[in-house]
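[1] For reference, the sequence and a predicted model appear below.
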Amino acid sequence: MSPMLIFVLAGIGTFAIRYSAVALISRGFVYPDWLTKTLRLVAPAVLASIVANMLILDEGELSTRWSWYVAAVVGILVSLRWRSAALTMVAGMCVVWSIALIT
């Protein structure tokens, strides 16, 4: 199978999946409550898994970036206090940059 055909088929498949959801919503289809509640948790779960993987592993080995661990703790505390994803990311990045300037 040629690479071009693979790309075209993948594009058609992706479009069909996305269009089906839009078409269902536009026709008045209402998702069940359990599905809506579950889908709200997908993005935070994916983000948490990506962050945890980056914190723990560095090219397959245990990470030694202690500034990231400090930023993660600060981020957890900020998110628990203010419940804001944007503020959490800003606080974490400020900690990482501050430690980078000091060292």
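    Yes, it's here. Residues are numbered from 1 along each chain as shown.

[2] just the strands in this structure please.
    57-58, 61-62 (DSSP state E).

[3] can you list the domains in this structure?
    As assigned by automatic domain parsing, the chain contains the domains 1-30, 32-102.

[4] Start and end of the longest one, how far apart?
    Between the opening and closing residues of domain 32-102 lies a distance of 52 Å (C-alpha to C-alpha, to the nearest Å).

[5] what are the C-alpha coordinates of stretch 73-85, in CSV please?
    The C-alpha atoms that make up stretch 73-85 are tabulated as CSV, following Å, rounded to 0.1, in the frame of the first residue of the first chain:
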residue,chain,number,x,y,z
VAL,A,73,4.6,20.5,43.7
VAL,A,74,3.9,24.3,43.3
GLY,A,75,1.5,23.5,40.5
ILE,A,76,-0.4,21.0,42.6
LEU,A,77,-0.7,23.5,45.5
VAL,A,78,-1.8,26.3,43.1
SER,A,79,-4.4,24.1,41.4
LEU,A,80,-5.8,23.0,44.7
ARG,A,81,-6.1,26.5,46.0
TRP,A,82,-7.3,28.4,42.9
ARG,A,83,-8.7,25.6,40.6
SER,A,84,-7.3,27.3,37.5
ALA,A,85,-5.4,25.4,34.8
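
[6] which outside residues touch it?
    Contacts with stretch 73-85, where a contact means C-beta atoms under 8 Å, 6 or more residues apart in numbering, come from L87, T88, M89, A91, G92, V95. Just so you know, the C-beta spots here come from the backbone N, C-alpha and C atoms, and that holds for glycine as well.

[7] Appreciated, that's everything.
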